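# For reference, the sequence and a predicted model appear below.
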Amino acid sequence: MSIVPTISVRKLDSNHDMVAGNGQLDFYTDLYAVAQLIDTSLLLLQGEWWDDLATGLPLFQRIIGVSGVGNNPQVAALLIQQTILAVPYVNSIANVNLAYDPLSRAFTYSCNVYTAFGTLQTQFVPGLSATLPTG
């Protein structure tokens, strides 16, 4: 008796292009699928997807260039947290850490993500992200 995955997504390579040609090996399931969905959700900026312009991280609409918000890392962290929590099968977030250097305006967000399939560690630097299963 084989275990049927709950969720399956096509793998993306390091350039975020779809991987093909290896049958079922070209897909992530369950925990790894959620990890990739978190990554792609954080990298998708609001207004980029033609089918739903409201989907994505509101980097330009709510973080960069918004009076009083651009230098407030807590607002950015909350928007990132909302983006992660909107991913299917994500239950909660804990151990949130953020680092912000006002001189360079460098921002790093990390947290543990609890999913229906296990725990993930996410580290997000705007423009780059990395979500890895723990264990």
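Looks like it came in fine.
# next one: phi and psi at the spatially most central residue of the chain?
Centroid-nearest residue in the chain, with Cα atoms, centre = their mean: residue 38, separated by 3.0 Å. The phi and psi values for residue 38, taken as degrees, to the nearest 10, are phi -60, psi -50.
# for the protein, which spans come out with low pLDDT?
1-4, 64-71, 134-135 (pLDDT under 70).
# so where do the helices sit in the protein?
30-43, 73-85 (DSSP state H).
# Which elements pack onto the first one?
Where contact means 3 or more Cβ pairs under 8 Å, 6 or more residues apart in numbering; DSSP states H and E, helix 30-43 is packed against strand 8-10, strand 27-29, helix 73-85, strand 106-115, strand 118-125, strand 128-133. C-beta coordinates here come from the backbone N, C-alpha and C atoms, glycine included.
# what angle separates that helix from strand 106-115?
Interaxial angle of helix 30-43 relative to strand 106-115 (axes from the mean of the first three to the mean of the last three Cα atoms, to 10 degrees): 150 degrees.
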